[in-house]
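>>> Based on what follows, work out the 3D shape:
(4 chains)
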Number of protein chains: 2
Amino acid sequence: MKILIVDDEEMIRAVLREYAEFEGGEADEAADGMEAVQMCRQNRYDVVLMDVMMPRLDGFSAVKEIRKFSQVPVIMLSARGEEYDKLFGFEIGSDDYVTKPFSPKEVMARVHAVLKRSTAAPEHHEVYEFEGLRVDVEGRNVYVDGEKAELTPKEYELLFYFVQNRGVALSRERLLNKVWGYDFYGDDRTVDTHVKMLRGNLKEYRKFIVTLRGLGYKFET
Amino acid sequence: MKILIVDDEEMIRAVLREYAEFEGGEADEAADGMEAVQMCRQNRYDVVLMDVMMPRLDGFSAVKEIRKFSQVPVIMLSARGEEYDKLFGFEIGSDDYVTKPFSPKEVMARVHAVLKRSTAAPEHHEVYEFEGLRVDVEGRNVYVDGEKAELTPKEYELLFYFVQNRGVALSRERLLNKVWGYDFYGDDRTVDTHVKMLRGNLKEYRKFIVTLRGLGYKFET
DNA sequence: TAATAATTTCACCGACTTTTCACAGAGTTG
DNA sequence: CAACTCTGTGAAAAGTCGGTGAAATTATTA
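Have a look, this model is predicted:
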């Protein structure tokens, strides 16, 4: 989790950073809107905490600027009693807001909510076609020569990982890490069995899954 | 034009009522959020004027309540110095806001603007038909072979989300996020139970809700 | 408030999925 | 070619998931 903290008060930045790092996150800081835009151009953040009142470029204008090139979730930090009319004069592109004074805990709760929201609905619309093999990730459908293939969950995930990394040599270890999860502890050969099943379901298109002896597998068309 | 005026100060209610009636409108009054919710359940209003600070149930909470069963336009009335509330007001589904002290004339101008907006908006009559299953999102009606299906609120929302995302594989997590809200904290399996109930109500068209083992569900015709 | 309805949790069971394992056979090396 | 390593495969064991009914909890209505 990578966070950008934007506020002109160093104290506030420090508090938020400490809390974010305590939770295992990584934090960058910016002291005004200009800096924030610059940082966002150069780095990818999971979420931005943005103060409204700042010198040089205010938080709202900064969000507008950032929105020109990024859809990163933004949480606004605003002091009670600040004038917000301009905030609503036009569409704001922030995802949530917190009013000062706030507790770091409250802010982090919002961060988690926003992250959950933005990662929960990934924009997928990937449909791949390789000869008579059709792979629709969004709809979770696989067709072999127009016939729907009934795959098990792991087979779907394995195939999706293969097509999204076609042409790349994938070690068993990497497959276990990416498809099974980093916490899988078990036999390498599990991959083999699933590849076998997947190949069986892909019929003639089993040929796309190439064995790399001593290494693993590769999806290649 | 039927208006509901919600404010704990009788003086303010009286002033607004007088102005509304002068313009040929009809006005009901409520002294707090609880009353307001109750009135909205029992009557249909063209617009609601809602104060923020009130005893028993505040304006925001009241709107949140009302939104569970009605899309009536709401204009928030907030005292100056509570500006930060605007942000929250918009997020929970109010349509405009006015800060006190206000002139009745100003308020009525907002009322007209909101009404114009809500009536000018082309009626999006979303009605889907899948064989003998008819889903009318606006009217909140579902017909199974011409027979009206009596669904519970969650069942409606779940079905609506399904038909609006037909063909898309939906994880339980995503369904919880989108149908229940990002702040739902509870069991995954809740989705299963609601799917079961929904399927039961859809009779033979239960077939449209496909189980995706290891993932969730998909609405597919 | 009481009654009624809706929502959520939970545990059981059957069905399906995943994992392990041993053996066979293919590929590699000296 | 013999010894070795590696992968494909089938089958059995272990594990997981989803449908369901019912109970518990919460919200709504009268």
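>>> CA only for contacts and neighbour counts going forward, please
Will do.
>>> Other residues contacting stretch A:138-150?
Here stretch A:138-150 makes contact (C-alpha atoms under 8 Å, 6 or more residues apart in numbering or on different chains) with A:124-127, A:132-136, A:156, A:201-203, A:205, B:167-169, B:218.
>>> next one: stretch A:197-204
Contacts of stretch A:197-204 (C-alpha under 8 Å, 6+ apart): A:133, A:144, A:149-151, A:155, A:159, A:205-206, A:209.
>>> thought residue A:182 was touching residue A:175?
No. Contact criterion C-alpha atoms under 8 Å: residue A:182 and residue A:175 do not qualify, at 9.9 Å.
>>> who's more crowded, the two?
residue A:175 (19 against 12; other C-alpha atoms under 10 Å in any protein chain shown).
>>> Please name the residues that touch that one.
A:158, A:191.
>>> Which secondary structure element of chain A has the lowest mean pLDDT?
helix A:85-89 (a mean of 35; mean pLDDT, DSSP states H and E).
>>> before we move on, back to that, ok, of the contacts of stretch A:197-204, which one's closest to residue A:66?
Comparing those against residue A:66 with C-alpha to C-alpha places residue A:159 closest, at 35.7 Å.
>>> Check which helix or strand the closest one maps to.
Using DSSP states H and E, the element containing residue A:159 is helix A:153-164.
>>> which residues in chain A form strands?
Counting by DSSP state E, chain A has these strands, from start to end: A:2-6, A:26-30, A:47-51, A:74-79, A:96-100, A:127-130, A:133-136, A:141-144, A:147-148, A:169-171, A:209-212, A:216-219.
>>> Compute the number of surrounding residues for the residue in chain A positioned nearest to chain B.
Residue of chain A nearest chain B, by C-alpha to the nearest C-alpha: residue A:139 (4.5 Å). A count of nearby residues for residue A:139, using other C-alpha under 10 Å, gives 20.
>>> same question, the one 4 residues further on
The burial count assigned to residue A:143 is 17, neighbours taken as other C-alpha under 10 Å.
>>> and the residue lying closest to it once chain neighbours are set aside, what pLDDT?
Closest residue to residue A:143 apart from its sequence neighbours, by C-alpha to C-alpha, 6 or more residues apart in numbering or on different chains: residue A:134 at 5.0 Å. At residue A:134, the model reports a pLDDT of 91.
>>> got a list of what residue A:134 touches?
Counted by C-alpha under 8 Å, 6+ apart, residue A:134 has contacts A:127-128, A:142-144, A:146.
>>> so it bridges to which residues?
residue A:129, residue A:143 (DSSP bridges).
>>> that older thread, quick one: least confident of the contacts of residue A:134?
residue A:127 (83).
>>> That one - how many residues pack around it?
Residue A:127: 14 neighbours (other C-alpha under 10 Å).
>>> Okay, now stretch A:171-178: how far is its last residue from its first?
Chord length of stretch A:171-178, first to last residue, is 11 Å (C-alpha to C-alpha, to the nearest Å).
>>> That stretch near DNA strand D at all?
No. For stretch A:171-178 and DNA strand D, the contact criterion (C-alpha under 7 Å from any atom of the strand) is not met; the two come no nearer than 8.3 Å.
>>> Wondering if that stretch reaches DNA strand C at all.
No. Stretch A:171-178 stays clear of DNA strand C (C-alpha under 7 Å from any atom of the strand), getting no nearer than 8.6 Å.
>>> What residues sit buried inside that stretch?
Under the neighbour-count criterion of 16 or more other C-alpha atoms under 10 Å in any protein chain shown, stretch A:171-178 has A:171-173, A:175-176 buried.
>>> For those residues, give me CSV that also has pLDDT.
Listed next are those as CSV, based on pLDDT from 0 to 100:
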residue, pLDDT
A:171, 89
A:172, 91
A:173, 90
A:175, 91
A:176, 91
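>>> which among the residues you listed gets closest to DNA strand C?
residue A:176 (8.6 Å; C-alpha to the nearest atom of the strand).
>>> right, and the strands of chain A - which one's nearest residue B:61?
Across these, closest to residue B:61 is strand A:96-100 (C-alpha to C-alpha), at 17.7 Å.
>>> what mean pLDDT would you report for that closest one?
61.
>>> try stretch A:195-208
The model assigns stretch A:195-208 a mean pLDDT of 94.
>>> try stretch A:183-190
The model assigns stretch A:183-190 a mean pLDDT of 88.
>>> contacts for it?
Contact with stretch A:183-190 is made by A:172-173, A:176-177, as judged by C-alpha under 8 Å, 6+ apart.
>>> Quickly check these for the two that are furthest apart.
Maximum distance among the contacts of stretch A:183-190 (C-alpha to C-alpha): 8.5 Å, for A:172 and A:177.
>>> coming back round to it: confidence score at the nearest residue in space to the residue of chain A closest to chain B that is not next to it in sequence?
Closest residue to residue A:139 in three dimensions, ignoring its sequence neighbours and counting by C-alpha to C-alpha, 6+ apart: residue B:168, at 4.5 Å. Per-residue pLDDT puts residue B:168 at 87.
>>> now residue B:168: how far from DNA strand D?
15 Å (C-alpha to the nearest atom of the strand, to the nearest Å).
>>> winner for burial among the strands of chain A?
strand A:47-51 (a mean of 27; mean count of other C-alpha atoms under 10 Å in any protein chain shown).
>>> Check which strands are paired with that one and give the direction for each one.
Under the rule (DSSP bridges), strand A:47-51 has strand A:2-6 (parallel), strand A:74-79 (parallel) as partners.
>>> Looking at those strands, spot the one closest to DNA strand D.
strand A:74-79 (27.4 Å).
>>> any idea how far residue A:33 is from residue A:60?
8 Å.
>>> let me fix that: residue A:128
Counting by C-alpha to C-alpha - residue A:128 and residue A:60 are separated by 40 Å.
>>> With residue A:53 instead?
Residue A:53 is 9 Å from residue A:60, by C-alpha to C-alpha.
>>> Looking at those two, which is more packed in?
Higher neighbour count among residue A:53 and residue A:60: residue A:60, with 22 against 19, using other C-alpha under 10 Å.
>>> burial count for residue A:37?
Neighbours of residue A:37 (other C-alpha under 10 Å): 22.
>>> just residue A:165 next, same as before
Count around residue A:165 with other C-alpha under 10 Å applied: 14.
>>> contacting residues around it?
Per C-alpha under 8 Å, 6+ apart, neighbours of residue A:165: residue A:219.
>>> and what of residue A:161?
With C-alpha under 8 Å, 6+ apart, residue A:161 has these contacts: A:178-179.
>>> switch to 10 Å and redo it
For residue A:161, the contacting residues are A:155, A:170, A:175, A:178-179, A:219, by C-alpha atoms under 10 Å, 6 or more residues apart in numbering or on different chains.
>>> My guess is residue A:74 contacts residue A:52. True?
No. Residue A:74 is beyond contact range of residue A:52, at 11.6 Å (criterion: C-alpha atoms under 10 Å).
>>> What parts of chain A come near DNA strand D?
So chain A meets DNA strand D at A:189, A:192-193, A:195-196, A:211-216 (C-alpha under 7 Å from any atom of the strand).
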